[in-house]
Structure formats: C-alpha cells, structure tokens
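Q: next input, structure requested:
(one chain, ligands or ions: 1)
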Amino acid sequence: MEQMLAARLHVPSRTLRIEEVAKPAPGPGQVLVKVEAAGVCLSDVHLIDGTLTPLLLPGDTVTLGHEVSGTVAETGPGVTRWTPGQRVVLYAGEVRDGVTYTRGVDYDGGWAEYALSAEDALVELPDAIPFDQGAIIPDAVSTPWGAITVTGAVRPAESVGVWGAGGLGVHAVQLLRTVGACPIVVVDPNPTARERALARGADLALDPADPRLGERIGAATGGAGLAAAFDFAGVPAVRAQALSVLAPQGRLVLVGLTDQPLTVADGTRFSYLQQRILGHYGSDMPVALPQLLSLLQGGRLDFSGSISGELPLERAAEAVRRLEDKTGDPIRIVLRP
Ligand SMILES: NC(=O)c1ccc[n+]([C@@H]2O[C@H](COP(=O)([O-])OP(=O)(O)OC[C@H]3O[C@@H](n4cnc5c(N)ncnc54)[C@H](O)[C@@H]3O)[C@@H](O)[C@H]2O)c1
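A: Just a heads-up that it's a prediction; the model follows:
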C-alpha cells in the first residue's frame, strides 16, 4: 500500500508526531487532493495544549490542518465535477446529517501529503491566487468574514472594536474596511500586531493595559461606545473589557475560543443596555469562499502580506511553537508537504 507523511495528534496524550500512514483512496463522491499548502492556526495550538478537544472524532488520533489548498490528484467513483490537476481550496468543515464536522479536528486534515474531501466541500482556486493565500482563506479569512457579515451583521459606518489582531483579527480589519465600518478600533497587547493593524486600515490601535482605553474609545465614537466588538483573541479578560466599552444595544461576538467560563460582571447593566453576546464558529463555506475569492480576484482584498513563513511538513511542531510563542510575530505560517 502506498504511504504518505502526515502530522498526527494523539489526543489523549496531546502528542504531535510525523508519521507514515496509508495514502487514502477516494471513495464514492470523494476527491483526493495533493496538498500544496496548509495553514497553522491558534486552534491547532489549543488542540495540542489540551484547551480544545475534538467532539466528533471517532478514534483517538487525527491529522491536523483545517486550512488547506492543493491540486486534485484522484477522483472517486461517481465524481464528475472535478478532474485531476485542478487547483482547489478545501472547506474547513463538512456538514454530515446536519452536524458540522471540522477538518483536522473531527476528521483527518491537511497537514499531510494528501487529504480527502467530499466532492461538494471544495472550491476552485483561480490561477492568479497562490496556494499559500488560498490555504488561509477557509479559516483565517472566512471565519472573520462570517463573524462580521453574518453573526455580527456589521453595517456601513458602524463603530467596531477588534480584540486580538493576530491571524484572524488582522484580516478582520481588512474585511471591516471592505464593508465600510468606521471607526475600526483594534486592541492588542503586542505592539507589532497593533502597527500591522494600523497599516491594514485600523483607525486606532490600543494596548488592553492602557488605563485610558475606555476614554480613548469614547472619544473615537463620539461618546457612544462600540456598536460591535469582536473577540479574536480567546482570552477571558477580553470579554469584560469589550463589554465595558460597548454601546447600548451593542453586540459582542465571540470568535476566540477558551474553555474558561463566560461571565457578565453586571447583569442589570447588560440587560438595561439591551446588549447581546453572540457565539460564532467558522463560516458558511459555500457562500463565504466564492465571495472572498471574488473580492481577492477583483483586487478589493490582498493577503500577500499574511504569509509570515513557510516550513516543510516535517517541521510542523516548530511552526506550532512559533505561533504559540509569537516568534517573529507571525500572522500565518504555512506548511508545505
Ligand atoms: N470560532 C471559530 O470559528 C474560530 C476559528 C479559528 C480560530 N478561532 C480562535 O480564534 C482565536 C484567534 O486565533 P488566531 O489564529 O488569530 O490567533 P493568533 O495567536 O494569531 O492571534 C491572537 C491575538 O490575540 C492577541 N491577544 C492576546 N491577549 C489579548 C488581550 N488581552 N486583548 C487583546 N488581544 C489579545 C495576541 O497578541 C494575538 O495578536 C483563537 O482563540 C482561536 O482558537 C476560532
């Protein structure tokens, strides 16, 4: 049987290993993709450090990687819409019997030489878009896009706060510019992340430790506070801080993941101001991916500055460490099998 390399997480011991495994064969309705690029996300760090646990994984080991692009290598029986050699981006999840399964979490992902996909969980990647930029779209770009356009339903000229300008948050800034949010306020303890956010279109970038943060956001919003705030950090302190500067009827959208409890310090104030807290997960891939690819092709978006480095698949653990320690302040590191 043909073998391939894969970076696999043994969930009970949280051990990541590069292993030789059987190269998968596409079944009916499936496509085998030769992986060209696969992004490393903070959710991968969380899976390895134990703060995120797969809920639907049948066994105890999974190939990581939910941000994947590549070329069609083989098609399974009955597949007519894909042919070998086509450039594709894989959805970061698949809906089966009404349940959402996340790639690289609940089933094998793309930190491998090859990855399987359902034939309806792929989108064609235009020739003009490089594989590395294509790979990061299904999560680092489409998750904030879904959070902004659907869950947060940001309208033109609304004031918006972005907590955490890392892989997801920095793209949120670009996407908020595209939908006309104003002003866009970024909060991040990392000075490089703040500078980068300003360069990509944020109007104001603040340190969460700034004692005058509330005052500064008040001044930027004419005293009203933020109409919408997004947690792209997954840090409990963010939620309390964002709520403290949210406008009446404002909404706080939780994209960042944490296993810590969600608390509202003053429930009466929250109800009186009729605020809302909304959970967000992923995006509606069949809608979001074509929209984003079209905006990229049309020159409305550019993610060329988002690829902070490329490493061979064998160095997956190093890529994870670099994202965790913020070595070189990466936006996205991409693995190349
Ligand atoms: N809900 C979803 O569908 C979904 C999808 C992908 C990732 N995530 C989660 O989103 C979060 C961000 O992922 P990422 O890959 O962009 O991570 P990242 O590490 O690239 O970025 C996180 C940023 O948060 C900043 N930060 C840390 N503490 C902060 C604080 N107190 N206030 C403001 N900012 C702070 C960091 O400096 C960093 O710039 C993670 O929790 C990840 O698990 C959620």
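Q: and the residue nearest to residue 49 when sequence neighbours are not counted, how many neighbours?
A: By the measure of C-beta to C-beta, 6 or more residues apart in numbering, the closest residue to residue 49 outside its immediate chain neighbours is residue 14, 7.0 Å from it. C-betas here are computed from N, CA, C, even on glycine. Neighbour count of residue 14, defined by other C-beta atoms under 10 Å: 12.
Q: does residue 14 touch residue 52 like I think?
A: No: with contact defined as C-beta atoms under 8 Å, residue 14 does not count as touching residue 52 (10.4 Å).
Q: can you classify residue 296 by secondary structure?
A: Using DSSP: H, G, I helix; E, B strand; the rest coil, the structure places residue 296 in helix.
Q: contacting residues for the residue of the stretch 201-337 of the chain found nearest the ligand?
A: Residue nearest to the ligand within the stretch 201-337 of the chain: residue 234 (2.4 Å; C-beta to the nearest ligand atom). Each residue near residue 234 by C-beta atoms under 8 Å, 6 or more residues apart in numbering is listed here: 42, 46, 164, 255-258.
Q: which SSE is residue 238 in?
A: helix 236-244 (DSSP states H and E).
Q: buried residues, the lowest-mean-pLDDT helix or strand in the chain. List them.
A: Every helix and strand of the chain was ranked by mean pLDDT, DSSP states H and E. The lowest is strand 93-96, at a mean of 91. Neighbour-count burial for strand 93-96 flags 93-94 (criterion: 16 or more other C-beta atoms under 10 Å).
Q: what's the answer for stretch 274-287, then?
A: Neighbour counts over stretch 274-287 (16+ other C-beta under 10 Å) mark 275, 277, 280, 282-283, 285 as buried.
Q: can you give me the end-to-end span of that stretch?
A: End-to-end distance of stretch 274-287 (C-alpha to C-alpha, to the nearest Å): 30 Å.
Q: likewise for stretch 309-329?
A: Start-to-end, stretch 309-329 (C-alpha to C-alpha) is 10 Å.
Q: ok, back up a step: just name the closest of the buried residues of stretch 274-287 to residue 208, please.
A: residue 277 (18.4 Å; C-beta to C-beta).
Q: all strands for the stretch 51-200 of the chain, in order.
A: Taking DSSP state E, counting those that start in this stretch, the strands of the stretch 51-200 of the chain run over residues 61-63, 68-75, 87-90, 93-96, 99-102, 114-118, 122-124, 160-163, 184-187.
Q: okay, now the sheet partners of the second one, with direction.
A: It refers to strand 68-75. Here strand 68-75 has these sheet partners by DSSP bridges: strand 30-40 (antiparallel), strand 87-90 (antiparallel).
Q: send me the least confident helix or strand of the chain as PDB with only the CA atoms.
A: Output in PDB follows, covering the C-alpha atoms of strand 93-96 (Å, rounded to 0.1, in the frame of the first residue of the first chain):
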ATOM      1  CA  GLY A  93     -15.500  21.600   7.600                       C
ATOM      2  CA  GLU A  94     -18.300  19.300   6.200                       C
ATOM      3  CA  VAL A  95     -21.900  19.000   7.200                       C
ATOM      4  CA  ARG A  96     -23.000  15.400   7.500                       C
END
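Q: what sits up against that strand?
A: Against strand 93-96 from outside (C-beta under 8 Å, 6+ apart): 66, 100-103, 107, 117-118, 121, 282, 285.
Q: go again with 6 Å.
A: Residues from elsewhere that reach strand 93-96, judged by C-beta atoms under 6 Å, 6 or more residues apart in numbering: 100-103, 118, 121, 282.
Q: please convert the strands of the stretch 51-200 of the chain to TSV, extending it with distance to the ligand.
A: Formatted as TSV, the strands of the stretch 51-200 of the chain follow (distance: least, C-beta to the nearest ligand atom, whole Å):
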stretch	distance to the ligand
strand 61-63	16
strand 68-75	14
strand 87-90	15
strand 93-96	9
strand 99-102	8
strand 114-118	18
strand 122-124	18
strand 160-163	4
strand 184-187	5
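Q: need the winner for burial among these.
A: When you average the neighbours per residue for each of the strands of the stretch 51-200 of the chain (mean count of other C-beta atoms under 10 Å), strand 160-163 leads with a mean of 29.
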